[in-house]
Structure formats: structure tokens, C-alpha cells
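Trainee: I would like to see how this sequence folds:
(4 chains, ligands or ions: 2)
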Amino acid sequence: MYIYADNAATTKINPVAMDVMNKCMTEVYGNPSSLHSAGQKAAEVMQKAREDIAQVLGADFREIYFTSGGTEADNQAIYSAAAFGEKKGKKHIISSAIEHHAVLHTLQRLEKEGFEITLLDVGEDGIVRPEDVRQAIREDTALVTIMYANNEIGTLQPISEIAAICREKKVIFHTDAVQAVGHVPINVREQNIDMLSLSAHKFHGPRGIGVLYVRKGVPLFNLIEGGAQERGRRPGTENLPAIAGMAAALKEVVSHMAAAEEKVSSLRDILIEGLSKIPHARLNGDAKRRLPGNVNFCFEGIEGESLLLLLDNKGVAASSGSACTSGSLDPSHVLLALGLPHEVAHGSLRLSLSEENTKEEMYYIIDAVREVVEYLRDMSPVWEALEKGEKEHVI
Amino acid sequence: MYIYADNAATTKINPVAMDVMNKCMTEVYGNPSSLHSAGQKAAEVMQKAREDIAQVLGADFREIYFTSGGTEADNQAIYSAAAFGEKKGKKHIISSAIEHHAVLHTLQRLEKEGFEITLLDVGEDGIVRPEDVRQAIREDTALVTIMYANNEIGTLQPISEIAAICREKKVIFHTDAVQAVGHVPINVREQNIDMLSLSAHKFHGPRGIGVLYVRKGVPLFNLIEGGAQERGRRPGTENLPAIAGMAAALKEVVSHMAAAEEKVSSLRDILIEGLSKIPHARLNGDAKRRLPGNVNFCFEGIEGESLLLLLDNKGVAASSGSACTSGSLDPSHVLLALGLPHEVAHGSLRLSLSEENTKEEMYYIIDAVREVVEYLRDMSPVWEALEKGEKEHVI
Amino acid sequence: MLYSEKVMDHFQHPRNLGKMENADGVGEVGNAKCGDIMKMYIKVDDGIITDVKFNTFGCGSAIATSSMATEMIKGKSVEDALELSNQAVVEALDGLPTHKIHCSVLAEEAVKAAVKDYYDRNNISYDAALFAEGECPHCHE
Amino acid sequence: MLYSEKVMDHFQHPRNLGKMENADGVGEVGNAKCGDIMKMYIKVDDGIITDVKFNTFGCGSAIATSSMATEMIKGKSVEDALELSNQAVVEALDGLPTHKIHCSVLAEEAVKAAVKDYYDRNNISYDAALFAEGECPHCHE
Ligand SMILES: Cc1ncc(COP(=O)(O)O)c(C=O)c1O
Ligand SMILES: Cc1ncc(COP(=O)(O)O)c(C=O)c1O
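Mentor: Ligands and ions are numbered 1, 2, ... in the order given. This next block holds a predicted model:
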């Protein structure tokens, strides 16, 4: 048995999307920018994909820019708003302490270039308060960028409220919706979103492809320079198989999103209930305002990596923090932002579910986690100190 | 019959590469940055691909950085060398007038930011003179970037000589080898290349994936900020299926490169000979020092787009200029750099061949081009003026 | 598709293609540097354009707009022909890509230039403002 | 793979895992903030380490290096144990990822701390320089 519970890192490709990709690769092999019929056939497929994606998001197809993924979309959105802001003397950006590194590291770079960055704190529930956004907005605020759903603790941010404030204050609002698209309903028009990033492989689409949605009227500057593709805003030969695969995966996933949400969140709640019974364990992030598939716990006295390696031994693929920070030794900035001390933040476990998971798997995971946590606590000098009362329990 | 002769725009995927991609998508679905076994299996496949690609290029696997394609690789190479140069007060960059827009537009942006750009002219043969590079190098030269093979006229540049001069002068040398890799032998170590860009879809690999090779010791700065992937230099979830597909395609193509070179260049020479018989036609670029598959002609008195649309009608997929400039009305900057007047540069045709093409196809193409050229000249007021002697023939 | 079916049809099967001996008016507009030249010939009987021919050096849409323009003025009075707008040509072709609109401007101008030539040859007086030089803006960039 | 087979073997089947009653020396190094704590117990007979146990809070490589270090000093004299270098532990494990090397440093220090404790308890004099505080550099970043 191997239970894949790391869907926030990446998902398995939808077979329909894979078929579409294969069909593109073999039958629609032209370059969409070529004028001959092989190229124009490709251009048609691309246009259809653009329209399909626009429709799902509630956007116009002219507002869809294909990128190489969520990271690039985040970078371009932020640089673009910063470049536009700079022209108008606005060099202040508002974001949150729990953003993905694609946002945080881009902001850090801008900070070095003279921008002022306000990172809003979140509450213990892992949620940004719209009122904080309102208060942080200044005359020189060029951009507010707040993620739609957090990649570690899964908390859903009050995007509509925040976006409404930004619209009212005439500040560009971007949301990194990489973890949210395909999992919860989103409508950029109704929700007043100016820019939105998504990445296909988070909803059973292909890797290496994403979208930056940019509302008509919001200026878009290049991150990458080159040819005339994507109306000149994102050059490079268009990745048609991936674009068409992304559109297929997105259509597929939204076609039954409500049912999936219900199923997956009930699995999630089984896990949360079961894991909560482990002593000195704590659910991170609000219990309800979170992604249907996200479960994130801290277990006192143990360390996350050894926890997940032993879970893997038992056939459970999970994660501690986010996949893309696995080269780092530092505990998750998201858990620290919740107010957890370093040593507790080290002991985190993220389980991220998909429709493919079953109830039986949840019970198996609960037992496996319990066993591994007990085993690791048994060999942990930290746990020993806690048990002996030499240290005080935090959770 | 449909003859695909636009392989410089993009190639058909190699079936072996496609199998590898499908296998990755279904069986190696983990995120290579995840620690569980699904992730580590993916990491192993990625490492193998990295080593295979390094081996083909004569590089070390630690010198290979995966990007979303040739455009991004070009951008990162140039920005990186510029950023490093700037730190040392070096703000001069040397390139050529016939580079791809991925290079030229990046240089234009740097020019706006205060860099000085020297664009070397090419001779009538479409080839950069190494001596010109030597003379252009200054104390404050941060980078020399010269393409390996031109995408429109296929001319092969004297990269070894130019790179040797740069090494001697201690200037970083980058080459955009997007059109060359997989078609002609390249060894970065022996040829003293510091940075090299490639794009998989130009050698029957997948779209949306490329490599930036960076020699050990040459600093590399980020173009995109985010997670810890690619040793932090190129964040974003790794596109494993495309990476493995690229490695498979590259191995496949170099496994019989000499035979392919011979076959394809003999097809090319048939075309060149046949098309040269059309009156007032001219081969662009050196006849021999060019890519095995590249044929580029100008036909006086006609315009390229109508030429290629009519050829398409006859079942021949070709191009006029490069695919990614098809949104533009300006004649090719490459042909202008050869010294051709605007009106002649408008009448260009690029045919780019692959191993799949046959001799019979070449004869068919020659006849088709001849017919279409005659038809278009017959309706061309420019040709009328030339024939009546009201205008002088240029070619 | 870059081009509508109508455009492709007129490009592949251009109407009124050719030169004309003894034309009553000939107009040539555009320049080769810019990539498009249109030459239009008209035959006029009693103020009615009874025949029209064109020759064009240019892209697919240049050929298609030339062809469409000739169809639209054939059988019309020269005055009506002068009313032909580039928008009308574009609409008749079910649209053109933005960066090709200038081709339709050329077609309008080619018709005007042919009519002007007819007026001039026949000493018919006209309001010069009708024929104000309006060249393809792209060429003047 | 992130870890060599040897590392995974020692992580999954740690040798000498456990606590020890009546140890002759106990050393604890690292800190929870940094993510790794190792506690090492030694039993010493006639200057020879006859038994050793460890407890570790930390990542896979922290557990594996602890395990490997205990194997490498068991049966050795305390003086020989002091010679154990982190490089030797890393080599014995067929390498560690660069960002995990600090774990091997901790393992070396845990051994030293246990020996120092043994010396202290038995009033054995030693060169204090041998036990200069050398903590995981990461924690002091
Ligand atoms: C010479 C050259 N450089 C760069 C590129 C850009 O590569 P890509 O379109 O894969 O980003 C191309 C092809 O489009 C090219 O021919
Ligand atoms: C919230 C969030 N933003 C951005 C990204 C980056 O997306 P990608 O890795 O596809 O570039 C991710 C996933 O890695 C994410 O979870």
C-alpha cells in the first residue's frame, strides 16, 4: 500500500489531460506562431484553451497570460506592479507573513531595490485580517498581494473582502491562488481580483505551466524579454501540449468541484479528528476556513523530517513544510508566523488529500502517525525533558 | 501530402521522448523536492537526466540549470552576467546584430538601465568575425554573447575562436545555442564556453523546457525568485516529465548526429541548388557554414507571407523570418544585417529540414516554390517595375 | 486562425486579379520598403466602373483586401467608389488581425488613387481634400 | 536519493538506541530551536567504552549519525573515542547532503560531551581545549 497524501506538493496528472497532451504532441505539432496550417491549427487549440481557462476564472481570454508556472506568474505580477508603481512614485507593497517564497523572495529583492514592504501578521488562525490591509494602505502603495490559500496550513484568506478594499482604495490587488484554483470556487470579476497566479500541476494538470490573469486596464510589464508571444508580454515558444493539458485538467476539476470539496473535506475532518487525539498535538490553521484537502499538525517533542521519512516507510507520502524548502534547515516561516516556537515548528506534518484518497486510508494514516510519533518521542531527549517536567509543554 | 519544413520553429516530438514523458507522468508522479519515496524516485530520474544532458554537452551535472526554455535561459544568462558586471563597475556588453529577440530585447532593456551595448555587424555571409570581438572588448566588458547558429539563415558562428578570445581576455562568454544543440557537435569544456542556452523542442524534445549551462566558477544570479529548486537559482516545481523527455530526446539525437548531419545537409544542398535556379533568387547566409537543415532564400519582387501561405496550400509548411516575430510587420533584422534592402528582405523564405524529410520532398518543394514565385511575381507591381526596367534588380 | 475564411478565400482566389490595357484610371499606393504595394486599374463608362483589375505586392491580407475592394467597387459609380472605407472592406472580410488593418487602409487608398487618376485624365474637377495623402501609418513610424 | 543507503539503514534501524541507567558519562548537545538534540550515554570499564546508547531529536541524518557514532566508539578506549571526527562519521555513512553535515558535527560533539562528563565525574584531568565549545554553526547564523 502506498497512500499519496502530498497533493499540495504536486498532484497526479488527470488521464484526460494527459491524453490531450499526447494528442497535441503528435497531431498538433506546429508552432502556434507559425502561419502555415500546422501552426494555425496549433493556434486554434491554444485559443480554445485560453477561452476555456478564462471562462472558469470568470475572465476574458485576453486577460490570460501563459507562464511556466506559479512561481513565474507570482514574480511577473509583483515586478510588473512594482515597475508601474515606481513610475508613479509608489514604492510600497503590502503582503502577508505567510506567503509562498515565490512571493516573499521577490518582495525581498524589491526591498533591496528600495521598495518598502509591509508584511501583515496573521492571527493564530493563520488568516489575514482585512482591516489590517485597509490600515496598511498608504498613498504610495503600489500593490497588495495576499495568497488565496496557504500552501502549508491551507487557510483560506478573505480575498473578496481584501480585494474590495483595494478596489475602493484604487490599489492593484494580486493573489497567489496556486493552491486554491480548482479546489474552491473563484471568480476574478466578481471578487475584484486584478491579478491572479495559478499553476496547473496543483489541480492534476501538467508541470511547468501556469497562468497569470491580468485584468484589462491593469498594466503588465515583462519579466522575460524576447519574441511576440502572449502579446509580447511573455515571450518563448508556446508550450501548447501543456497549455491544452492545463485547460483540460481545469475543466475536468471544476466540472465536479462541489462534490469533490465535500468528499475531500470529510476525509480531512476524519484525519483532523483522529490526529487531534494524539497528546500534545495541535492542528495548525483554522479548522474550517481551510482547503478541503489540507491537514497540518505539530507534534511536540519530535522533528518533522524523521516523522515523514518513517511515515513513508509505512507507505504514507506526506510532507513537513513545503516541498520547495526541503533544502533548508529553518523551520517553516508560516508556522512561526502563527506564533509557534521554533522547536515546535520543527515538528510539523502536512497531509494534503485528493479525491483519490479513501476513508480507509485516513484510518490507516491516523494509526501510522500515532505509532511513528510514539516511537520518535520515545527516542527524543526533548520529549524526555517535557515528560520529566524539566521543560514545559507548549501545546 | 504535407511536408513539414519548419523545424527551426519547432520539431515533432521524438516518440521515445514522449514515452519517457508519459512514464514520468504516470509512474514518477512525486515532486522531486519531496522527501518521501515518490519524491525521491522523481529526484533520481531528474538527476539521471541532468547527468545525461551534462555528458552530451561535455559539462558537469552541477553546471546544468533547468529553465522553461531558450528564451528564459538567454534572459537569465544575460541578466546574471550584467548583474555581476555591474557589481564590478563593468557595464558594457558585446553581441551581434543577428541575435534572436530573446537576446536582443534583453540587451535593449539593459541599455535602458544604463548598460552600453555593442552589436557587431556580420559580413555578407552572415558570420561574426572573431577579430571584431577582440577589438570590441574593453576593460569594462561584462559579457560577450554570440549565438551558436542563427535561427533564420542558419549560419554557424565561429564560437570556439570567439570563446577562446573571451577566455584570454577574461570576459564571460555566453552562447545562445538553441538552434545548434542536437544538430552540430558541441563541447562546452573544449570550446571554452562559459554559459550556453538550449531549448528542447528544437531537437524533437518537449516544449517549455530548456537548459542554462553555467560553468563552475561563473556566478549565476536569479531571474526568478522563489523556492530552493535548482540550488535556489531557478525556483518553481521541477517539470520532471519535460526534463526527462528532453534528456531522452537529446541522447537520441546525438546518438546518430553525424549520419543525420550528412543526410539532412545533402537534402539542404538539393534545395539550395534547385531554388538557386529561380531568377533573381538569392541564398541568404554562407552556403556551407550553416546548419545542416537550414535553407533561406530571398526572391525579388514578392513578399514572404503570401509566399508561405500559398506554399502551405500546396502542402509545404515553411516560414518567412522566425515564428516568434509573426506578429510584426518589420522585415527580419537578420536579413537587414546582411545588407539586404527592406523590400528584398520582405521576400524571404526559410525552409528548415529534419531527418524525416526525403529527397522526393525536396524536388516537390522546388517545383512548388518556383510556381508560387512565378504566380506572385506575375501579380506584383514591384516585379512589373523591375521587368520594365523602371527599377533596378538588386539580386 | 490568423485570417478569417473570407480573407483566405479572397487571398487564394483573388477576384479581378491582373493588369488592364487602356485603363481609364490607374492608382498605385504603398511602398515596397513597408512591404505592401497595390496597383488598381479601373475602366469607367458613363461614370460607372465597369471593370477593375489589381496587382499587389504584399502579404495575404494585402492581396485579400485588394481583391475585396475591387469587388466592392465594380459596377458602382466613381463617386460611390470614393465612399469605400477601409472599415467596410474589413467588415466584408469578416475582420483582419489588428496589425494587418493598415492593409485595408491601403486598399481604400488604391481605389481613391485610381479614381483621382481618372478625374485627372478627364479634367474632371474635384475637391483635393478628398485625396489628402493618407499613407499607411506604419511606414512613417 | 537525498540519503545514501547506509544513512537510511541507520535511520530506520538505529543501533544502540535507548537510554542508559547508571551511565558513566552522559552528553547532550544541540538545541531544539535549531532542530537537533543528541544525548549520548556511555558505560566505561577500564577506560574502554563497553556500552553506549543514544537518544536523538532531529532529522533523518541526525538519527543516522548518532547511530553510526555509537557503533564507531563502542569497544574503543575513551581516548580513541575522542579522536572520532565528524568526517569519519560522514564517510562511514557514505556521505551526507551538504546542508546536513552539521548533524555529523553534533554527533562528534555528543561523543565528546559524554567523555567529558565521564572525566568530570571521575576527576580525570584533561586538556580543556579538547572540549572547546564548537556548536553547530547553523544555530549561530
Ligand atoms: C536562436 C534562438 N534563441 C532562442 C530561442 C527561444 O527559444 P524558446 O522559444 O524555446 O524559448 C529560439 C527559438 O524560438 C531561437 O531560435
Ligand atoms: C502558494 C504557492 N505559490 C506558488 C507556488 C509555486 O508554483 P510552481 O512551483 O508551480 O512554480 C506554489 C507551489 O509550489 C504554491 O503552493
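
Trainee: What distance do you get for the residue in the stretch 201-350 of chain A positioned nearest to chain C to chain B?
Mentor: Closest residue of the stretch 201-350 of chain A to chain C, C-beta to the nearest C-beta: residue A:228 (9.5 Å). Placement of C-beta: from N, CA and C, glycine included. Taking C-beta to the nearest C-beta, to the nearest Å as the measure, residue A:228 falls 4 Å from chain B.

Trainee: Burial check on that residue, number of neighbours?
Mentor: 18 (other C-beta atoms under 10 Å in any protein chain shown).

Trainee: List the backbone torsions phi and psi for the residue in the stretch 1-150 of chain A positioned nearest to chain D.
Mentor: Nearest residue of the stretch 1-150 of chain A to chain D: residue A:9, at 14.6 Å (C-beta to the nearest C-beta). Taking degrees, to the nearest 10, you get phi -80, psi -50 for the backbone angles of residue A:9.

Trainee: which residues sit in contact with it?
Mentor: With contact taken as C-beta atoms under 8 Å, 6 or more residues apart in numbering or on different chains, residue A:9 is in contact with A:319, A:322, A:323, A:352, B:30, B:31, B:33, B:34, B:39, B:237.

Trainee: how close does it sit to residue A:259?
Mentor: Using C-beta to C-beta, to the nearest Å, residue A:9 is found at 24 Å from residue A:259.

Trainee: likewise residue C:76?
Mentor: Between residue C:76 and residue A:259 the distance is 62 Å, computed by C-beta to C-beta.

Trainee: Below-threshold pLDDT in the chain: ranges please.
Mentor: Picked chain A for this. Low-confidence segments of chain A (pLDDT under 70): A:321-329.

Trainee: Switch to chain C, please.
Mentor: C:133-141.

Trainee: Just the strands from it, written as ranges.
Mentor: C:25-31, C:36-45, C:48-57 (DSSP state E).

Trainee: So which of the ones you listed is nearest residue A:288?
Mentor: Residue A:288 lies closest, by C-beta to C-beta, to one member of the strands of chain C: strand C:36-45, at 63.6 Å.

Trainee: Just checking the distance from that closest one to the centre of its chain.
Mentor: From the chain centre to the centre of strand C:36-45 is a distance of 7 Å (C-alpha atoms, centre = their mean, to the nearest Å).

Trainee: For that strand, name the packing helices and strands.
Mentor: On a contact count with 3 or more C-beta pairs under 8 Å, 6 or more residues apart in numbering or on different chains; DSSP states H and E, strand C:36-45 meets helix B:381-387, strand C:25-31, strand C:48-57, helix C:60-73, helix C:78-82, helix C:101-121.

Trainee: rewinding a little: for residue C:76 and residue A:259, indicate the residue with more neighbours.
Mentor: Neighbours were tallied for residue C:76 and for residue A:259 using other C-beta under 10 Å; the higher tally belongs to residue C:76 (17 against 10).

Trainee: Looking at the contacts of residue A:9, state which has the most neighbours.
Mentor: Counting by other C-beta under 10 Å, top hit in those: residue A:319 with 31 neighbours.

Trainee: wait, isn't that residue in contact with residue A:308?
Mentor: Yes. Counting by C-beta atoms under 8 Å, residue A:319 sits close enough to residue A:308 to count as a contact (6.3 Å).

Trainee: got any residues that touch both of these two?
Mentor: A:349, B:35, B:36.

Trainee: how about JSON lines for the residues you listed, with neighbour count added?
Mentor: Shown next, in JSON lines, are the shared contacts of residue A:319 and residue A:308 (neighbours: other C-beta atoms under 10 Å in any protein chain shown):
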{"residue": "A:349", "neighbour count": "27"}
{"residue": "B:35", "neighbour count": "28"}
{"residue": "B:36", "neighbour count": "25"}
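
Trainee: Closest to ligand 2 out of those residues?
Mentor: Lowest distance from ligand 2 to the shared contacts of residue A:319 and residue A:308 (C-beta to the nearest ligand atom) belongs to residue B:35, with 15.1 Å.

Trainee: part of a helix, is the residue of the stretch 201-350 of chain A closest to chain C?
Mentor: No. The assignment for residue A:228, made by DSSP: H, G, I helix; E, B strand; the rest coil, is coil rather than a helix.

Trainee: how close does it sit to chain D?
Mentor: Taken as C-beta to the nearest C-beta, the span from residue A:228 to chain D is 42 Å.

Trainee: what does residue A:197 give?
Mentor: Distance check for residue A:197 against chain D: by C-beta to the nearest C-beta, it reads 28 Å.

Trainee: For that residue, give me its contacts.
Mentor: Residue A:197 makes contacts with A:67, A:70, A:73-74, A:77, A:174-178, A:210-213, as judged by C-beta under 8 Å, 6+ apart.

Trainee: Which residues lie in contact with the closest residue to it other than its chain neighbours in this structure?
Mentor: Nearest residue to residue A:197, sequence neighbours excluded (C-beta to C-beta, 6 or more residues apart in numbering or on different chains): residue A:73, at 3.5 Å. Taking C-beta under 8 Å, 6+ apart, we find residue A:73 in contact with A:65, A:67, A:197, A:198, A:199, A:210, A:211, A:212.

Trainee: Repeat that for residue A:25.
Mentor: A:241, B:13, B:18, B:206.

Trainee: Work out the gap between the helix or strand harbouring it and the centre of the chain.
Mentor: Secondary structure from DSSP states H and E places residue A:25 in helix A:15-27. Remark: helix A:15-27 is offset 25 Å from the chain centroid, using C-alpha atoms, centre = their mean.

Trainee: in that helix, what's buried?
Mentor: A:17, A:18, A:20, A:21, A:22, A:24, A:25 (16 or more other C-beta atoms under 10 Å in any protein chain shown).

Trainee: Convert the C-alpha atoms of it to PDB, please.
Mentor: What follows is helix A:15-27, C-alpha atoms only, in PDB (Å, rounded to 0.1, in the frame of the first residue of the first chain):
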ATOM      1  CA  PRO A  15      -5.700  11.000 -17.600                       C
ATOM      2  CA  VAL A  16      -7.900  13.200 -19.700                       C
ATOM      3  CA  ALA A  17      -5.300  16.000 -19.500                       C
ATOM      4  CA  MET A  18      -2.500  13.500 -20.400                       C
ATOM      5  CA  ASP A  19      -4.500  12.300 -23.500                       C
ATOM      6  CA  VAL A  20      -4.900  15.900 -24.600                       C
ATOM      7  CA  MET A  21      -1.200  16.500 -24.200                       C
ATOM      8  CA  ASN A  22      -0.300  13.400 -26.200                       C
ATOM      9  CA  LYS A  23      -2.700  14.400 -28.900                       C
ATOM     10  CA  CYS A  24      -1.200  17.800 -29.100                       C
ATOM     11  CA  MET A  25       2.300  16.400 -29.200                       C
ATOM     12  CA  THR A  26       1.600  14.000 -32.100                       C
ATOM     13  CA  GLU A  27      -1.200  15.800 -34.000                       C
END
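
Trainee: got the residues of chain A near ligand 1?
Mentor: A:236, A:237 (C-beta under 6 Å from any ligand atom).

Trainee: near chain D, which residues of chain A show up?
Mentor: A:301-306, A:309-310, A:313, A:327-329, A:331, A:341-343, A:346, A:379-384 (C-beta under 8 Å from any C-beta of the partner chain).

Trainee: Give me the buried entries from these.
Mentor: Buried members of these, counted by 16+ other C-beta under 10 Å: A:301-306, A:309-310, A:328-329, A:331, A:343, A:346, A:379-384.

Trainee: Show me these that map onto helices.
Mentor: Mapping these onto helices (DSSP state H) picks out A:304, A:305, A:306, A:309, A:310, A:343, A:381, A:382, A:383, A:384.

Trainee: Show me what the very next helix or strand once past the helix holding residue A:25 is packed against.
Mentor: Per DSSP H and E, the first helix or strand lying C-terminal to helix A:15-27 is helix A:37-57. In terms of contacts (3+ C-beta pairs under 8 Å, 6+ apart), helix A:37-57 is packed against strand A:64-67, helix A:240-255, strand B:316-317.
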